[in-house]
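Enquirer: what's the 3D shape of this:
(one chain, ligands or ions: 1)
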Amino acid sequence: MIYLDHNATTPPAPAVIAAMLPVLSGVWANTSSQHGPGQDAKRALGAARATVARVLGCKTVEVIFTSGATEANHLAVRGLLAAAAPGRNRVVFTSVEHAGHLRLARSLAEAGIPVDFITVRANGTLDMAAAAALIKPDVALVSLMAANNETGVLMPVAEVAALAHAAGAVLHVDATQFIGKQPFNFSTCGADAVSLSAHKFQGPKGVGALLLRQGVALVPQTLGSQERGRRGGTENLAGIVGMAAALDLLGDVATQAIRLATLRDVLETGLKQALPETHVWCQTVPRLPGTSYLRFGQLSVDVVLQRLDRLGVAASSGAACSSGGSEPSHVLTAMGVPAEEALAAVRFSLGATSTLADVNHLLQTLPPLLAPLLHEELLTAP
Ligand code: PMP
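Expert: A predicted model of the protein is given here:
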């Protein structure tokens with residue numbers, strides 16, 4: 001199988017599994033227990049926290065382990081909002097946040113909390129004029145993704161941090177797609193809180209963290225003594241150790257980014273050459289190195305994914321499946337892309353295990369399968 005869906009999840013690295021297995025079998029005691037085995041577990045937790053803090057450029061007290069980015073996002077938004085000064089009750093999101101995060105935004109709005117969305121331009125980048133107009137002194141919190149999971153477009157975190165801080169608001173950044181793909185340092189990124197999820201960088205699923213700048217007030221959402229009272233619940237120690245191992249493995253992210261961008265460019269250039277109907281979104285703006293979001297004319301993504309499946313290639317659609325059909329991607333819709341084009345969106349996302357041989361295989365096998373379908377589409381076009 002050729003796996004080109006690394007933005008959905010990544011295969012756990014062998015070293016991650018090797019780090020987790022002895023914890024699952026041998027360090028299973030509760031980290032809160034006073035006995036020897038409990039203290040061993042507590043030490044393992046402390047060592048993992050130190051690794052996370054070292055790799056991500058934060059203090060150990062700034063790491064709050066969670067079950068992933070979804071929980072970290074909820075903790076940040078609800079927790080920072082609840083801790084905001086009286087008179088600050090507005091929350092600003094962007095219109096292209098992850099679908100789960102937009103559900104949270106909607107649930108706040110339904111509860112009567114004023115919520116605004118910063119729009120994006122046709123090229124997928126954030127509209128900074130809209131951001132400046134929305135980030136006013138009644139804003140408690142701005143929540144912005146560092147990189148979009150569909151288009152890969154990088155968001156201007158430092159600029160939005162400056163706007164938020166000038167207005168007296170805090171900034172939460174969902175860096176789920178960014179960490180592991182671009183160099184990252186919490187102490188210099190400008191955000192007050194940052195979410196991450198281990199399975200996006202070859203760690204295990206069901207574990208992540210919220211990094212919270214020391215001194216920033218947060219009201220816990222899950223009560224218990226763990227994580228300094230900020231996130232209750234017995235820790236997923238094996239998962240946390242696996243996440244630390246995955247971060248430790250990242251190494252020189254900037255060099256890997258160049259390798260992935262090269263592979264992605266070979267893919268996009270080759271597809272365009274073989275199938276001139278190929279349209280790549282966001283190709284000319286800063287974006288994640290391994291993400292390619294494109295359409296083949298207006299060929300339905302279901303047809304394309306079927307052909308890819310036949311070839312043993314795993315990719316993804318940009319459509320959100322809802323009961324009874326598919327909705328066009330909210331990200332493409334926000335960019336003003338018509339529904340018939342958005343419903344043709346295919347996302348290839350490359351990662352640490354991707355090779356030039358994978359890309360070449362795709363370039364040799366996919367175009368011959370799609371060319372007759374595109375020809376047919378051309379003939380039947382109104
Ligand atoms: N935010 C972004 C940008 C994501 O891409 C994802 C995962 N697709 C999430 C949040 C949620 O991560 P998790 O499912 O691991 O909680």
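Enquirer: dump the residue contacts of the residue of the stretch 201-350 of the chain found nearest the ligand.
Expert: As assessed by C-beta to the nearest ligand atom, the ligand sits closest to residue 208 within the stretch 201-350 of the chain, at 6.0 Å. C-beta coordinates here come from the backbone N, C-alpha and C atoms, glycine included. Residue 208 is in contact with 65-69, 71-72, 176, 195-198, 243, counting by C-beta atoms under 8 Å, 6 or more residues apart in numbering.
Enquirer: so what's it bridging to?
Expert: residue 66, residue 197 (DSSP bridges).
Enquirer: got the domain boundaries for this protein?
Expert: Following automatic domain parsing, the chain resolves into domains at 2-8+252-380, 14-249.
Enquirer: if you average pLDDT over each of those domains, which is lowest?
Expert: For the domains of the chain, mean pLDDT drops lowest on domain 2-8+252-380, to a mean of 94.
Enquirer: return the distance of that one from the chain's centre.
Expert: A distance of 18 Å separates the centroid of the chain from that of domain 2-8+252-380, by C-alpha atoms, centre = their mean, to the nearest Å.
Enquirer: what about it, start to end distance?
Expert: Domain 2-8+252-380 has its terminal residues 33 Å apart, counting by C-alpha to C-alpha, to the nearest Å.
Enquirer: still on that earlier bit, tell me which of the domains of the chain sits most buried.
Expert: The highest mean neighbour count among those, using mean count of other C-beta atoms under 10 Å, belongs to domain 14-249: a mean of 20.
Enquirer: does residue 114 really touch residue 90, like I thought?
Expert: Yes: using C-beta atoms under 8 Å, residue 114 is in contact with residue 90, at 4.5 Å.
Enquirer: quick check: neighbours shared by those two?
Expert: residue 138.
Enquirer: using PDB, write out every CA atom in stretch 53-60.
Expert: C-alpha atoms of stretch 53-60 as PDB (Å, rounded to 0.1, in the frame of the first residue of the first chain):
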ATOM      1  CA  ALA A  53       9.200  20.400  26.900                       C
ATOM      2  CA  ARG A  54      12.800  20.200  25.500                       C
ATOM      3  CA  VAL A  55      11.700  19.400  21.900                       C
ATOM      4  CA  LEU A  56       8.800  21.900  21.900                       C
ATOM      5  CA  GLY A  57      10.700  24.700  23.600                       C
ATOM      6  CA  CYS A  58       8.500  25.100  26.700                       C
ATOM      7  CA  LYS A  59       8.800  24.600  30.500                       C
ATOM      8  CA  THR A  60       7.700  21.300  32.000                       C
END
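Enquirer: before we move on, back to that, let's have the contacts of residue 208 in CSV, adding distance to residue 224.
Expert: Listed next are those as CSV, based on distance: C-beta to C-beta, whole Å:
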residue, distance to residue 224
65, 12
66, 13
67, 13
68, 18
69, 20
71, 14
72, 16
176, 24
195, 20
196, 21
197, 21
198, 21
243, 20
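Enquirer: filter the residues you listed by proximity to the ligand?
Expert: For the ligand, the contacts drawn from the contacts of residue 208 by C-beta under 6 Å from any ligand atom are 68-69, 176, 197.
Enquirer: those residues: which two are farthest apart?
Expert: 68 and 176 (8.5 Å; C-beta to C-beta).
Enquirer: for the protein, what's the longest helix?
Expert: Criterion DSSP state H: the longest helix present in the chain is helix 356-380.
Enquirer: which other helices and strands contact it?
Expert: strand 2-3, helix 253-274, helix 301-310, strand 313-314 (3 or more C-beta pairs under 8 Å, 6 or more residues apart in numbering; DSSP states H and E).
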